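1. I would like the atomic coordinates for the input below:
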Amino acid sequence: MSESVQNPVASPSEGAIAEQVEVVPAATPHPAAHLRHFVYPSPLETIRSLLTILVIALFALTFILQPFRIPSESMERTLLVGDFLLVNKTIFGPPGNWSHMLPYRQVQRGDIIVFHFPLDPPEHIVKRVVGIPGDRIHLHDGVLYRNGEAVTEPYAVYESAWADNFRDQFPTSMYTDPGVDTHWWLQMRANVTDGDVIVPAGQYFVMGDNRNHSRDSRYWGFVPRSAIVGRPFIIYFSLRQPSTTDLPEIPHVSALNTSSDKLGHDNDAIDKVVDFARWNRILRIVR
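-> Alright, predicted model coming up:
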């Protein structure tokens, strides 16, 4: 008996299905196809982006922040000659409709402030507030007394200086310092009661932390509230610059210290580049 092999015949419906599932080979991707995802900005878009950054920076510097550099030693050791500061210009904002939403506050005792110098308004000065309206201020042997009590000031330093009764026994009835503003001398005497200077409304009494080397309210008077620019809050850079109040180095002591010469550090070009800044003061909060 022979076996017959029958060839299957596809039905019309099966043929239709075969045509629908026909596989189409995928196109081979071009090697540089992924580069088409990078879109470079046009010159007009670049200029627009730079202008946006510039406008934001100008807005911040005009209304929010302002940079300053410390040129003198009157605030040592809190602020050093060569420190660059950012000043918050909004912290002492005036009361108004937005005062409950923004971090405004009043000027307080102990605040470091930047203000327009009353004797030369275009010039900016930085000092510490030691007296607010209504406070009674006097100094005895250089120690600050406020409202009858000696003030503890861990930030104040007293470097060597010539004796000055006007500076250390403030207020005094003797006009002993030629650096005192004559208009302030007359005004001060009108504000003295029982040996204390009374800070009037809308005014502030300020002093430098380097008490023996600071020309402050003792010499030229009160700071009006309207003259206050803001409060420095951070040191963003600091150049290593000498202070005029630093004591001169003793020659024979310098000659004995030869360890750095033996190692050659003073002649190292890398050290000269690194030492131009006080790196440990960068981004330091001002208090």
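2. Spell out, range by range, the strands that occur in the stretch 151-287 of the chain.
-> Remark: strands assigned in the stretch 151-287 of the chain by DSSP state E, counting those that start in this stretch are 192-193, 196-198, 203-207, 223-224, 228-238, 284-285.
3. Strand 203-207 and the fifth one, what's the angle between them?
-> I take that to be strand 228-238. Per axes from the mean of the first three to the mean of the last three Cα atoms, to 10 degrees, the angle that strand 228-238 makes with strand 203-207 is 30 degrees.
4. picking that back up, for residue 151, find the nearest of the strands of the stretch 151-287 of the chain.
-> In terms of Cβ to Cβ, the element of these nearest to residue 151 is strand 203-207, at 10.5 Å. All C-beta spots, glycine's among them, are computed from the backbone N, C-alpha and C.
5. buried sites along that closest one?
-> For strand 203-207, a neighbour-count test (16 or more other Cβ atoms under 10 Å) marks 203-207 as buried.
6. Can I get that strand in CSV, CA atoms only?
-> Included here for strand 203-207 are C-alpha records, laid out as CSV according to Å, rounded to 0.1, in the frame of the first residue of the first chain:
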residue,chain,number,x,y,z
GLN,A,203,19.2,108.5,64.3
TYR,A,204,21.8,105.9,65.2
PHE,A,205,25.2,106.0,67.0
VAL,A,206,27.8,103.8,65.3
MET,A,207,31.4,102.8,66.1
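7. Near the closest residue to residue 164 other than its chain neighbours, how many residues? Count them for me, please.
-> Counting by Cβ to Cβ, 6 or more residues apart in numbering, residue 164 lies nearest to residue 177, which is 6.3 Å off, once chain neighbours are set aside. Number of residues near residue 177 (other Cβ atoms under 10 Å) recorded here: 15.
8. Just list the residues touching residue 177, thanks.
-> Residues in contact with residue 177 (Cβ atoms under 8 Å, 6 or more residues apart in numbering) are 164, 166-167, 219.
9. So which of these are in helices?
-> Assigned to helices by DSSP state H, the following of the contacts of residue 177 qualify: 166-167, 219.
10. Pick the one among the residues you listed closest to residue 66.
-> Proximity of the ones in helices among the contacts of residue 177 to residue 66 was ranked by Cβ to Cβ; the top entry is residue 219 with 25.5 Å.
11. For the chain, which residues score under the pLDDT cut-off?
-> Within the chain, the set of residues satisfying pLDDT under 70 comprises 1-39, 54-65, 94-103, 176, 246-273.
12. again, only using 90
-> When the per-residue scores of the chain are filtered using pLDDT under 90, the ranges that remain are 1-68, 70-72, 89-105, 160-165, 172-179, 182, 185-186, 189-190, 241-276.
13. so where do the helices sit in the stretch 1-150 of the chain?
-> Counting by DSSP state H, counting those that start in this stretch, the stretch 1-150 of the chain has these helices, from start to end: 12-20, 43-59.
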